[in-house]
Each structure stands twice: as C-alpha cells, then as structure tokens.
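Chemist: Give me coordinates for this.
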Amino acid sequence: MKKLILILPLLFGTLLYGQSENGIHQGMVRFQGTAALGFETSNKVYENGEQRYYVYGEVEYLLSDHLGINGAFFANLGSSEKIVLTRGADPSEDGYVHSTFAGPIYHFLPQQALDLYVGIQPGFSYSTVHTTAANDGVISESQFGPAGSVLTGAAYYGSFFHLFAQARYVASTFSSNSAQRNFNDLRLCIGLGFNFN
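Modeler: Just a heads-up that it's a prediction; the model follows:
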C-alpha cells in the first residue's frame, strides 16, 4: 500500500506532462466538424434577426508552435425566417449562403492542453437568393462572391482528440438587378475534433 501511495503522484505527474505535450505544436494536423448556428447581424434590414443553420468542417496544419494554416467550409442547410425581399409580395425563402475560407491562425498557448487562438481569413461564398416578382413569380439567382471572416476560439487537447468552441464573424454580399442582400452573421459552434502529429 505504501508503494502505491508513492507511485501515484509519479504517475499523475507523468500524465500531466504527457497531456501538455499533446497541445498545439509544430507539425500537428487537426481537423474538426460539427453543426454551427449563425446569427444575422443586419438588424436594421431584418428586424427579427434571422438564424442560419450550417454544417461546418475545418482542417489545419501547424507551421510552427504558434502559427497554423487553416481551411474551413460552411454549408448552409436553412434558416429560421421567411423574409419579403420585394415589397408587396408574399414571403419566400430569402436565400442560402455556402462559404469557404483559408488563412492563418495564431495560437497563444503552444505545448499546453488548453489552446486559445485567433485568425483572419479571406474566402468566397456561393449564394442563392429567391425573390418574388409580381409578374414572374419566384426568381432564383446564384453567384460566387468574396467573403471575409474573423474568428476566435478555444480548445482542450487530449491524445488524439480535442473539444472546441469557436465564434466567427462572416461578411458576404449578394448583388444583382432584382436583389441586394448582405449575408453577415456571427457563427457559433461547439464540438469534438481530432488531431495527430
């Protein structure tokens, strides 16, 4: 029993040391995916504040202990609001926006179980907008356009997986003769990711 009492602190210390080595470090690859919720930020145009639902995926390679190159994808599954895009028309689905981003991520706490990070990423969006016209019914238009993103997040690392929470502000615009629409939202997600060296 005495031997066990002496060995337990050594084992616990080894586990703590091993856990800290599993944090962010050069050469690590991490990927994560989950569902995300987007909150419309253009309240002046849309009083109720639309919510959008996404499937989200991300992959990152660590160039150094602090700096990683990251790519992310958001697929829009729908939204909470039906919005009138043309005055005097019946409500119709206002649109969908799918986004892809790539850019640098800075990690503040390398070689630690807890990771805090920030990033700025350019990208592009594929938007589809449905408008109602008096004579033509519903008109659907799609286009690619530029998008921008600023993000921050936190993760807690184990041996092969990590738990994460992320907040990302996304700005994207749709513009055509029949509709002009800003797809600006704050996207939040929490989930489980995987990492390996």
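
Chemist: what about residue 189, neighbour count?
Modeler: Residue 189 is flanked by 22 other residues according to other C-beta atoms under 10 Å. For the C-beta atoms, the positions are set from N, CA and C on the backbone; glycine is no exception.

Chemist: Surely it and residue 166 touch.
Modeler: Yes - using C-beta atoms under 8 Å, residue 189 is in contact with residue 166, at 5.4 Å.

Chemist: Break down this protein into its strands, ranges please.
Modeler: Per DSSP state E, the chain carries strands over the ranges 29-40, 51-62, 67-79, 95-107, 114-133, 137-157, 161-175, 180-182, 185-196.

Chemist: Parallel or antiparallel, which strands does the longest one pair with?
Modeler: Sheet pairing for strand 137-157, assigned by DSSP bridges, gives strand 114-133 (antiparallel), strand 161-175 (antiparallel).

Chemist: I'd like these laid out as a markdown table, including mean pLDDT and mean neighbour count.
Modeler: Shown next, in a markdown table, are the strands paired with strand 137-157 (pLDDT from 0 to 100; neighbours: other C-beta atoms under 10 Å):
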| stretch | mean pLDDT | mean neighbour count |
| --- | --- | --- |
| strand 114-133 | 89 | 18 |
| strand 161-175 | 93 | 18 |
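
Chemist: Can I get those in JSON lines including distance to residue 151?
Modeler: Formatted as JSON lines, the strands paired with strand 137-157 follow (distance: least, C-beta to C-beta, whole Å):
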{"stretch": "strand 114-133", "distance to residue 151": "5"}
{"stretch": "strand 161-175", "distance to residue 151": "4"}
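
Chemist: Ok, which of these comes nearest residue 81?
Modeler: Closest approach to residue 81 among those (C-beta to C-beta): strand 114-133, 12.8 Å.

Chemist: Using PDB, write down the CA coordinates of that closest one.
Modeler: Backbone C-alpha positions of strand 114-133 (Å, rounded to 0.1, in the frame of the first residue of the first chain) are rendered in PDB as follows:
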ATOM      1  CA  LEU A 114      -5.600  24.400 -23.300                       C
ATOM      2  CA  ASP A 115      -5.400  26.300 -26.700                       C
ATOM      3  CA  LEU A 116      -6.600  29.800 -27.300                       C
ATOM      4  CA  TYR A 117      -6.500  31.100 -30.900                       C
ATOM      5  CA  VAL A 118      -7.500  33.900 -33.300                       C
ATOM      6  CA  GLY A 119      -7.500  34.200 -37.100                       C
ATOM      7  CA  ILE A 120      -8.400  36.400 -40.100                       C
ATOM      8  CA  GLN A 121      -9.400  34.500 -43.200                       C
ATOM      9  CA  PRO A 122     -10.500  35.700 -46.700                       C
ATOM     10  CA  GLY A 123     -12.600  33.400 -48.800                       C
ATOM     11  CA  PHE A 124     -15.600  33.200 -51.100                       C
ATOM     12  CA  SER A 125     -19.200  32.400 -50.800                       C
ATOM     13  CA  TYR A 126     -21.800  30.800 -53.100                       C
ATOM     14  CA  SER A 127     -25.100  32.500 -52.500                       C
ATOM     15  CA  THR A 128     -28.600  31.700 -53.800                       C
ATOM     16  CA  VAL A 129     -31.300  34.300 -53.400                       C
ATOM     17  CA  HIS A 130     -35.000  33.800 -54.100                       C
ATOM     18  CA  THR A 131     -37.100  36.900 -54.900                       C
ATOM     19  CA  THR A 132     -40.700  37.300 -55.600                       C
ATOM     20  CA  ALA A 133     -41.800  39.400 -58.600                       C
END
